[in-house]
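Novice: build me a structure from this.
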Amino acid sequence: MSFSADEVRFLAQAEQEIVEATVNLDLNKKTMISDVARLRKHFGDCGRAVAELAAARRSAEGKLPQQWLMCQESAQQTTPPAISAERARRLHTALGSNAVVHDVTCSIGTEGHEIIGAGLRYLGSDLDHSRLLMAAHNLKGQKALVFRADALTPASTGANVIIADPARRSGGKRITNPAQLLPPLPSLLDAWSNQPIAVKCAPGLDFSEWSGLVSVASVEGGVKEACLYSADLSDGETREAVIIKDGHVDRVTDLLDDAPEQNLAAAPGEFIIDPDGAIVRAGLVRHYAVREQLWMLDERIAYLTGNRIPAGTSGFPFLEEVPLKKLKSAMAAHGAGSVEILVRGVDVDPDQLRKKLQLKGTKAMSVVITRIGSRGVALVCGPRQWA
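Specialist: Purely as a prediction, here's the structure:
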C-alpha cells in the first residue's frame, strides 16, 4: 500500500524516530496488526505508513539503501540495482559522459541513482506524486531533477535517451500483451518516436518484431527483466543475455556469427549443463554453446552437454541415459536417497515424479528429464557441481 503525499513528508522528517520505534518489531504477517496498533499510539495517523516503510526496507535489505523512502509495492517493483548499473554502463558507452537521460516512469528513483553514478545527467518524471516525493528524497544531494508528467506526453527537450518501465501487472495478474502494459508499449514508442529509447519489460513477452536490441538480464540465477533498446543504442546486437552473479557480469550476444546451423547436437558428454535463464529467454543457447565448447542434446531443447563445466556455473556429472519407465529401477540401482529433478520438453511434474521414485538409498543424485529427438528420456546424473 502506497503513501499519501503528507505521509511521505512526515516519513522524510522523522527518520531517526522511525528507526528507533521499529527496530524491535517483527513486522511480519502474524504481527502486523499489533505492530501497526503500537505504532499508531506513537505516531498517530502516520503509524500505518511507518509500519509500511519499515516492512518495505526489510524486504529490500541488500537491494536498496536502507535510508531510502519506499513502500512495499515500489520496493517489489523496482529493478535490481545491478541491472540498472549495467544499463547505465551501456548508455554511457553509447552516448558518452554528461548525456541527459529522461526516466519517464521514475518511481522512487532507483534507475536515477545508478545513472548519476555512471556520470550521466538525470531527469525523472512520474504521474504518482507520492513516488515523486520519495524519488526527490532518495536522490537528494545528487544532480537529479524530478517532476510530474505523463509518460505519453513528451515533457522534456534535449534528452539524449528516454527510459521507461511500464507496469507489468494489473489486478494482481501479469500482463503478457505489450499493448496492455501501463502505459501501453505501442503508445509509449509512438510518443517518443524521434529519440533513442530503452524500455524495461517482462522477459516473457514476444519481442520478435523488435528491430533493436532485446537484452534479458538475470541476477543470481533468477531472470528479472528484458530491456528493449532502440537500434541506435544496440551496437549492432539484436539479442543479449546479461548474467549477474556474485558481483560478476557475463554477457552473451548474437554477434558471435560462427555458431554452426547444423550438427550442434550429439550424445551426452561428461556433464549436463542447464544454461542460465537469461541465455534461454534471449534465444542464445547455441551461441553460448559455441563460446563454451559445449553442444546440444537436441537442437530444440535448451539443455547443453560437454566435457567441462563453464567457469562460475554448475553442471551435473552424467552417468547414464534410461527410458522414463526405467528411471525408478535405475535410481534404486544407484542407491539414490535424494534427487534434484530438472524437466524441459516433457510433461512431467518433478514433485509427483519424486514421490513415485520412492527413494530409499543414501546418495544425493540428479535427474534431467528431457526429449532427444522423439524420445522422452531420463539422464541420470550425480549431484550438482560448481566450477
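
Novice: could you pull up the residues touching residue 282?
Specialist: The neighbourhood of residue 282, defined by CB atoms under 8 Å, 6 or more residues apart in numbering, consists of 214-216, 239-241, 252. For glycine as for every other residue, the C-beta is placed from the backbone atoms N, C-alpha and C.

Novice: now do the helices in this structure.
Specialist: Along the chain, the segments classed as helices by DSSP state H run 5-13, 15-22, 32-43, 47-59, 72-77, 81-95, 110-117, 129-138, 185-191, 277-281, 285-291, 327-333, 350-357.

Novice: take those and lay them out in a markdown table including mean pLDDT and mean neighbour count.
Specialist: Formatted as a markdown table, those follow (pLDDT from 0 to 100; neighbours: other CB atoms under 10 Å):
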| stretch | mean pLDDT | mean neighbour count |
| --- | --- | --- |
| helix 5-13 | 97 | 17 |
| helix 15-22 | 96 | 15 |
| helix 32-43 | 95 | 15 |
| helix 47-59 | 96 | 21 |
| helix 72-77 | 91 | 18 |
| helix 81-95 | 96 | 19 |
| helix 110-117 | 96 | 24 |
| helix 129-138 | 97 | 22 |
| helix 185-191 | 95 | 16 |
| helix 277-281 | 97 | 23 |
| helix 285-291 | 94 | 21 |
| helix 327-333 | 97 | 17 |
| helix 350-357 | 96 | 13 |
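
Novice: next, format these as JSON lines and append distance to residue 101.
Specialist: Formatted as JSON lines, the entries for the helices of the chain read as follows, by distance: least, CB to CB, whole Å:
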{"stretch": "helix 5-13", "distance to residue 101": "24"}
{"stretch": "helix 15-22", "distance to residue 101": "28"}
{"stretch": "helix 32-43", "distance to residue 101": "37"}
{"stretch": "helix 47-59", "distance to residue 101": "26"}
{"stretch": "helix 72-77", "distance to residue 101": "19"}
{"stretch": "helix 81-95", "distance to residue 101": "6"}
{"stretch": "helix 110-117", "distance to residue 101": "5"}
{"stretch": "helix 129-138", "distance to residue 101": "14"}
{"stretch": "helix 185-191", "distance to residue 101": "16"}
{"stretch": "helix 277-281", "distance to residue 101": "23"}
{"stretch": "helix 285-291", "distance to residue 101": "29"}
{"stretch": "helix 327-333", "distance to residue 101": "53"}
{"stretch": "helix 350-357", "distance to residue 101": "43"}
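
Novice: nearest to residue 233, of the ones you listed?
Specialist: helix 81-95 (4.9 Å; CB to CB).

Novice: give me the angle between that closest one and helix 110-117.
Specialist: For helix 81-95 against helix 110-117, the angle between stretch directions is 50 degrees (axes from the mean of the first three to the mean of the last three CA atoms, to 10 degrees).
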